[in-house]
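1. Sequence first, predicted model second:
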Amino acid sequence: MDDYPLLNLFWTMLWLFLWVMWFFLLFKVITDIFRDHTLSGWAKAGWLVFALVLPYLGVLVYLGVRGKSMAERDMRQAREQEAAVRQYIQKTAGTGGGSVDELHKLSTLRDKGDLSQEEFEKAKTKLLA
């Protein structure tokens with residue numbers, strides 16, 4: 001450990017961190033190239049070749065030219081995923097909580113004595129089926 005002073009260790013950690021961040025940025029750009037539906041196939045191929053053959057220049061130019069729309073695509077994808085999750089939850093739980101409301105009404109009718117326990121169970125089974 002005496003051959004490798006603490007400052008050199010910090011420099012090595014800094015360069016390793018920058019290297020990892022660089023690959024993260026490169027993969028983010030490549031993912032964005034394929035996700036963008038407004039680009040033609042040849043434009044995607046051109047950006048991809050530019051980013052892989054001249055990686056530093058290609059990524060920096062891509063961020064300069066298409067960086068703002070990259071953030072917009074990220075936000076649009078997040079909104080679409082959120083809408084899909086909401087739609088799935090509503091479909092699974094029942095639209096608007098209708099089955100829950102109906103079950104509550106049945107329970108109220110049973111508690112008031114308007115429905116017998118047998119009628120309540122039949123209606124509940126029918127509602128939940």
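-> Arrived safely.
2. Which SSE is immediately downstream of the helix or strand bottoming out on mean pLDDT in the chain?
-> None of the helices or strands of the chain scores lower by mean pLDDT, DSSP states H and E than helix 98-112, at a mean of 81. Sequence-wise, the next helix or strand downstream of helix 98-112 (DSSP states H and E) is helix 117-128.
3. What residues sit buried inside the longest helix along the chain?
-> Ordering each helix of the chain by length in residues (DSSP state H) puts helix 55-93 first. Residues 58, 59, 62, 66, 70, 73 are the ones in helix 55-93 that count as buried (16 or more other CB atoms under 10 Å). Every C-beta, even on glycine, is put in place using the N, C-alpha and C of the backbone.
4. is it true that the fifth one touches residue 32?
-> Yes - the criterion here is CB atoms under 8 Å, and residue 70 meets it with residue 32 at 5.0 Å.
5. Adding distance to residue 52 and pLDDT, write the buried residues of helix 55-93 out as JSON lines.
-> Formatted as JSON lines, the buried residues of helix 55-93 follow (distance: CB to CB, whole Å; pLDDT from 0 to 100):
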{"residue": "58", "distance to residue 52": "7", "pLDDT": "92"}
{"residue": "59", "distance to residue 52": "10", "pLDDT": "92"}
{"residue": "62", "distance to residue 52": "11", "pLDDT": "93"}
{"residue": "66", "distance to residue 52": "16", "pLDDT": "91"}
{"residue": "70", "distance to residue 52": "18", "pLDDT": "90"}
{"residue": "73", "distance to residue 52": "20", "pLDDT": "90"}
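6. Any chance of a markdown table for these, columns distance to residue 101?
-> Putting those into a markdown table (distance: CB to CB, whole Å) gives the following:
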| residue | distance to residue 101 |
| --- | --- |
| 58 | 57 |
| 59 | 54 |
| 62 | 52 |
| 66 | 48 |
| 70 | 44 |
| 73 | 39 |
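7. Return the member of these nearest to residue 6.
-> Within the buried residues of helix 55-93, the smallest distance to residue 6 is 32.4 Å, found for residue 59 (CB to CB).
8. From residue 110, how far off is that closest one?
-> 66 Å (CB to CB, to the nearest Å).
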